[in-house]
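[1] Return a 3D structure for these sequence lines:
(3 chains)
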Amino acid sequence: MSATMTHEGAVHTASHDHGHHDKTGTVIFGFWIFLMSDLIAFSLMIANYADAEWHGIANGPSPHELFSLGLPTIETMALLISTFTFGLCTLGMKYGASMKRTVFWLVVTLALGAIFLGIELYEFHEFWTEGNTPQVSGFLTAYYSLVGLHGLHVTSGIIWGILLMVQMKTFGMNDLMKSRLVRLGLFWHMLDIVWIALFTKVYLMGVLS
Amino acid sequence: MLLQNINQRPRRLAAPALMAAAALWLSGCAENGVMSPLGPVAAGERAHLIVFFLWMLPVTLPILIGLPWIAIRYRRRGGKGHYTPHWEHSTLAEAVIWGSATVTVLILGFFTWVQVKREDPYAQTGADPVHIQVIGSEWKWMFIYPGKMATVNKVVLPQHTPVEFDITATGAMQSFWIPRLAGQIYAMPGMGTKMNLTTGDTTEVFGFNSQFNGAAFPLDKFEVDVVTKDQFDAFLQEPKHPWAQLEAAFKKTATWSGPELFEPPSKDYWMKVMMNPSIATDGGAAILPDNSPGQKEIDKAINKDLHISQLNGSAQQ
Amino acid sequence: MNILGSLDWNDIFIVPFLKEPTLSTGIAAGAGGIVVLGALALALLLTVKGWWKPLWSEWITSLDHKKIGVMYVVLSGIMLVRGVLEAVVMRAQQVSPAPGFLSVEHHAELFSTHGTIMIFFVAMPFLTGLINVVMPLQIGARDMEFPFMNAVSLWLSVGGAALVMASLVVGHFETGGWTAYPPYTGINLSPNEGVDYWIWSLALTSVGSTLSGINFAVTIYKQRAPGMTLMRMPIFAWTTLCTAILMIFAMMPLTVASLMLALDRQAGFHFFTAAQGGNMMNFANMFWLFGHPEVYILILPAFGVFSHVIPTFSGKKLYGYTSLVWATIAIAVLSFTVWVHHFFTMGQTTNLNAIFGIATMTIGVPTGVKVYNWLLTMYRGKLRFSTAMLFSAGFMFTFVIGGVTGVMLANPTIDFATHNSLFLVAHFHNMIIPGVLFGMFAGVNYWFPLCFGFRLDETWGRRSFWLWMVGFYLAFMPLYAIGLMGAPRRMAFFTDPAYLPWLVIAMFGALMVLGGLAAQVIQIWVSVKNRESLMVPAGDPWDGRGLEWSLGCPVPEYDFTTVPHITSREPWVDAKAQGKRVIDPTEFVDIHLPKSTGLPFVTAMIATIGAFALIFQMWLIAAVFFVAMWVTVLIRSYDTDWEETISAEELRKGYEAHKHLVETTPKATFEDEFTSKNRGLILEEVV
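    Predicted coordinates:
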């Protein structure tokens, strides 16, 4: 990796006297650490949900009254496939596939993300119109916040992906773009892992309870 | 007389005089702390406090004594100590330092475990305790002797008897604390907590909320009277105001200055309040706009309370 | 919808006073007035002196880690003045005849802002600033790994502090203490904008701290000079690493808890409400899941400072390096296992209380070991009591006393009798004032020449130490006493005459602390005035031991002309032992430094205005600024011209100049350490 192509705000502190400082690697390392911090937020929300699901029903519906597995399963499939297609996208980038192909798989990924998001919003809408708003009970508050937080992450991932494609068109597929694509990939895969935890805790265990 | 002056016009007195007189005041004055316990639970707490303090001395005194000693002996100019600029490790010293600290914590940890188990505020301190239900509200306390009586800002207990409080709150979180009888426990809306204690000899002390909860926080306190068993039985027979009057007034009033003794509510009232705190309060506001009528009421109540405590203060002299 | 949200005339600081002039509203109006007049006076000064331009081009837009560090410390200093003044007003209130001259709410606002400011806007920026200045110099780096992000963190902290200051002028601050427990801080009981001020100023600064943590950790992992293994790192770098990891994991719970509280308040959610299934205990848990590691975020960097100041002024190697490293790591890990001790009285089972109590005491082991290590570092040394050393020694003595009361409080049965009392207040001030402030003061006195090229005045420094030290004891030892006599914390006034003499002593203590602060301001003033005689251009004015002292003072923008190869824990001491006065250069190569940019400042200020809009429920304005903030990020992502080059030739010249300077600097000894003969590079004996 050339040390002259770096990310925003990079400094070439690495003197050439002790070899090239792998800037891209460092940025990705930093992003990993950021994701760990983000995971803390999700863990807290899940813990809060687990408590609210137990003690916070109040006068509202309980999880098994509210949830069914149909739509969430489709959502989950969409997100799982999107992780796979993102894998194809980054693999292609790594092995020098054409820009067109990289962009194609990125578009597929983001589209699947949009489908996921659409289903989630549809479900929110359904619950909402039945009168099950987050203001009804601690449980519903926790549900909307936890799933909504994940949804917000997916939304920002999609916006990020679109902006990245615009930039790829402007700058070409340089190291900076590659680094950003790799970071978006990490972000996206993390959201997938988080979703598996959410799906299990919220929907699967909710319906079974 | 001196005391009263100080209370009213402290700025007129020179500070040195105050400091000199401190010991005098301390010996005779009404204080309300755990260091002068009136029951076995508070006495236990004081004992632990002293024991822990003493056990910390072996590991801390070497520093408190050693530091000035080293500072004098090894000072650059005029110090008599031997200089070893490269000394940076001693296995023996390491072993002693880590070892003594670890042993101290093991000992104190053992004490902690035993003491926490022995003084569980949830465990009854004796057979057949007096049950009292407590509701903390902004800025007053309701005590219910189930089926017998309800009181506001006043709780009467028989001497040398185990007592069990069931505690909840309506608005903000509060902390229920009678320092000379037992430690504190939070009173939280939507939750129930418990505190057990055994009373000592007859006395009059006060308990209070120690968790800040707004405009009349300084008034959020209650009388605790420990009386003989006969007096206690007589107390329960005293004439009472109707419950409906208390229920209505308790919801609306911020600070309490009305009558203290009432008929008891229905048996499940406390439980209902715990499940749904809003039935015992109109919602209230802990923060009031500076010039609102509610704030003026509170200012008045605070001044009245101060007046009363000053009267009591002079009576005691 | 009203575009200005809930803002109205009554929120302007002077209006309540005009409507009803009392001492309490007068003080509030006065404080607001000071903020406004202070801002105006500053603007006037900048205009008259023509300093706007240099302020912008050399400071606000700078990405240099040293300048960012200095700005953090300046922020902290300004907020410290406010925090101490508030403390003095509260002490005065409690010795006045009841009910005092402040209303209960005004007093509550004071203790809430005092706590919030001291933790988030004094201690945090102070340590972050010191780390920024020193850590890269100690590990042989030329800057933080992410300088742009570093500036964003700084300006977010400034934005948060600006909001707290704004609460003096517009509206109120919250009244539930720095912990802001619901349901008291819920919308029913705290309907005004105070809690929102708390939420959004903390949101800004906690995001800034998370980013700082990432920055510090990556810098330490990736930017160390060749040969500097982890076990060769200076202790300050070690404590920074542990602090950074704590920041990464611990700031998030605060952010989450405060945003949940915001949703409860503004969107009618039920995270912490008493009714409809909310649970306020979740807030307590999340807050302290942040709050306890936070204590160690604050104190570990100070431990790092002591680990450098004490060996330097003892003329001796640090005793027990390995012990100190492991103790630091142990503290960092254990800090996540003790949070329940902040609410032993919430009715948990005895098992849980006992386990958390014992875990709390366990932290005392590595902490105690550290104090002994410093003591053994002084043992058989040749001690010079400079201001920095005095603060370190004062810390050790005082901190041990706080440690005793800390272990006492860790026993739940004792906590039942002392929780929420002034005993507790005395305890944590006893830890934080010596443990954080004394450490930071020692660090500033010690490392000041690195930034500005001259030493700080010793006379006023020592005066400030004695005022702080004696003031501390007078201010807080009485609180231990009346805490045990049953005095609760956060009480606007006491009616029990037994407390009065103690409160009067505490009042004198607070005044002495204020005097100490004033002495520090004078110290800086005097030092700037006499800077010519305090200059130490050759660097290393105290026979220092770390890599940072191998550089000239002030340190040039690029820090190191060449990055040294490290072969031991104290490369600079080794070089000096060989009679060298500069570390031999390695190869000179072109280097790249980040270009100055105003974007971090702009981004953070937009975020701050957006946060202000949220506080007063100006939803539309908030949305606009939220989008604008991300647009600035997008602008940055298009920027590819972010570096400027410094040529190898220029670095060589810098090296030659420094070498020449060092060789021509007259040699001085410890006798001259605090005199104008000390132009840097002093040694025990003239060789």
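
[2] And chain A, is whichever strand or helix holds residue C:323 touching that?
    Using DSSP states H and E, residue C:323 sits within helix C:321-334. No. Contact of helix C:321-334 with chain A (CB under 8 Å from any CB of the partner chain) is absent, the minimum separation being 15.1 Å. Where C-beta positions appear, they are placed from N, C-alpha and C, glycine not excepted.

[3] What residues of the very next helix or strand once past that helix count as buried?
    Counting by DSSP H and E, the element after helix C:321-334 in chain order, helix or strand, is helix C:350-378. By 16 or more other CB atoms under 10 Å in any protein chain shown, the buried positions in helix C:350-378 come out as C:350, C:353-378.

[4] who's in contact with residue B:178?
    The neighbours of residue B:178, taking CB atoms under 8 Å, 6 or more residues apart in numbering or on different chains as the test, are B:197, B:205-207, B:224.

[5] Determine which two of these are furthest apart.
    Pairwise distances across these (CB to CB) peak at 14.9 Å, for the pair B:197 and B:206.

[6] Settle it for me: which of these two has more neighbours?
    Between residue B:197 and residue B:206, counted using other CB atoms under 10 Å in any protein chain shown, residue B:197 has the larger neighbour count: 24 against 18.

[7] Excluding chain neighbours, give the residue nearest to that one in space.
    residue B:182 (3.9 Å; CB to CB, 6 or more residues apart in numbering or on different chains).

[8] now the one you found: how far from residue B:126?
    According to CB to CB, to the nearest Å, residue B:182 stands 14 Å off from residue B:126.

[9] Residue C:674 now?
    Distance from residue C:674 to residue B:126, by CB to CB: 68 Å.

[10] In contact with the residue of the stretch 201-317 of chain B found nearest chain A: list those residues for me.
    The minimum distance from the stretch 201-317 of chain B to chain A, using CB to the nearest CB, falls at residue B:276 (9.7 Å). By CB under 8 Å, 6+ apart, the contact list for residue B:276 reads residue C:275.

[11] mind checking pLDDT for it?
    pLDDT recorded at residue B:276 is 87.

[12] So which of residue B:182 and residue B:126 has more stuff around it?
    Higher neighbour count among residue B:182 and residue B:126: residue B:182, with 31 against 13, using other CB under 10 Å.

[13] who does the more buried one bridge with?
    Beta-bridge pairing for residue B:182 (DSSP bridges): residue B:178.

[14] my guess is it contacts residue B:40, does it?
    No. Using CB atoms under 8 Å as the test, residue B:182 is too far from residue B:40 to be in contact (9.1 Å).

[15] Find residues that contact each of the two.
    In contact with both residue B:182 and residue B:40: residue B:197, using CB under 8 Å, 6+ apart.

[16] Check the gap between residue A:56 and chain B for me.
    To chain B, residue A:56 is 10 Å away according to CB to the nearest CB, to the nearest Å.

[17] who are the neighbours in contact with that residue?
    Here residue A:56 is in contact with A:137-139, A:141-142, C:270, C:276-279 (CB under 8 Å, 6+ apart).

[18] And for the residue lying closest to it once chain neighbours are set aside, the neighbour number?
    Spatial nearest neighbour of residue A:56, excluding adjacent residues (CB to CB, 6+ apart): residue A:138 at 2.6 Å. Using other CB under 10 Å, residue A:138 has 30 neighbouring residues.

[19] How confident is the prediction for residue A:138, by pLDDT?
    Reported pLDDT for residue A:138: 95.

[20] If you count neighbours, what's buried in stretch B:84-97?
    In stretch B:84-97, counting by 16+ other CB under 10 Å, buried: B:87-88, B:93-94, B:97.

[21] circling back: CA atoms only for the helix holding residue C:323 - export them in CSV, please.
    Only the C-alpha atoms of helix C:321-334 are listed here, as CSV (Å, rounded to 0.1, in the frame of the first residue of the first chain):
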residue,chain,number,x,y,z
TYR,C,321,8.0,0.4,36.5
THR,C,322,6.6,-3.1,35.9
SER,C,323,4.5,-2.9,39.0
LEU,C,324,3.1,0.5,38.0
VAL,C,325,2.2,-0.8,34.5
TRP,C,326,0.3,-3.8,35.8
ALA,C,327,-1.3,-1.7,38.5
THR,C,328,-2.6,0.7,35.8
ILE,C,329,-4.0,-2.1,33.8
ALA,C,330,-5.6,-3.7,36.8
ILE,C,331,-7.2,-0.4,37.7
ALA,C,332,-8.6,0.0,34.2
VAL,C,333,-10.1,-3.5,34.1
LEU,C,334,-11.5,-3.4,37.6
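
[22] what are the phi and psi angles of residue B:136?
    Backbone geometry at residue B:136, expressed as degrees, to the nearest 10, gives phi -90, psi 130.

[23] State whether it and residue B:186 are indeed in contact, as I suppose.
    No. Assessed by CB under 8 Å, residue B:136 is found out of contact with residue B:186, at 9.3 Å.

[24] Next, show the common contact partners of these two.
    B:167, B:174, B:176.

[25] Confirm the first one sits in a strand?
    Yes. Using DSSP: H, G, I helix; E, B strand; the rest coil, the secondary structure at residue B:167 is a strand.

[26] so what secondary structure elements neighbour the helix or strand hosting residue C:518?
    Assigned by DSSP H and E, residue C:518 belongs to helix C:500-529. The helices and strands touching helix C:500-529, judged by 3 or more CB pairs under 8 Å, 6 or more residues apart in numbering or on different chains; DSSP states H and E, are helix B:15-28, helix C:65-95, helix C:458-484.

[27] Tabulate those (JSON lines), appending mean neighbour count and distance to chain A.
    Shown next, in JSON lines, are the helices and strands packed on helix C:500-529 (neighbours: other CB atoms under 10 Å in any protein chain shown; distance: least, CB to the nearest CB, whole Å):
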{"stretch": "helix B:15-28", "mean neighbour count": "13", "distance to chain A": "47"}
{"stretch": "helix C:65-95", "mean neighbour count": "21", "distance to chain A": "10"}
{"stretch": "helix C:458-484", "mean neighbour count": "21", "distance to chain A": "33"}
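
[28] Tell me which residues touch the residue of the stretch 51-200 of chain B found nearest chain A, please.
    As assessed by CB to the nearest CB, chain A sits closest to residue B:190 within the stretch 51-200 of chain B, at 9.2 Å. Counting by CB under 8 Å, 6+ apart, residue B:190 touches B:168, B:274-275, B:277, C:274-275, C:278-280.

[29] got it, and residue B:157?
    Contacts of residue B:157 (CB under 8 Å, 6+ apart): B:130, B:163, B:199, B:224-227, B:232.

[30] Just the helices from chain B, written as ranges.
    B:2-8, B:15-28, B:40-73, B:91-118, B:229-237, B:243-252, B:269-275, B:293-316 (DSSP state H).

[31] out of the ones you listed, which comes closest to residue C:656?
    The nearest among the helices of chain B, by CB to CB, is helix B:40-73 at 43.0 Å.

[32] is chain C contacted by the closest one?
    Yes. Using CB under 8 Å from any CB, helix B:40-73 reaches chain C at B:42, B:44-46, B:48-49, B:52-53, B:56, B:59-60, B:62-64, B:66-68, B:70-71.

[33] just to revisit the earlier point, select from the contacts of residue B:190 the one having the most neighbours.
    Greatest neighbour count in those, by other CB under 10 Å, goes to residue C:278: 29 neighbours.
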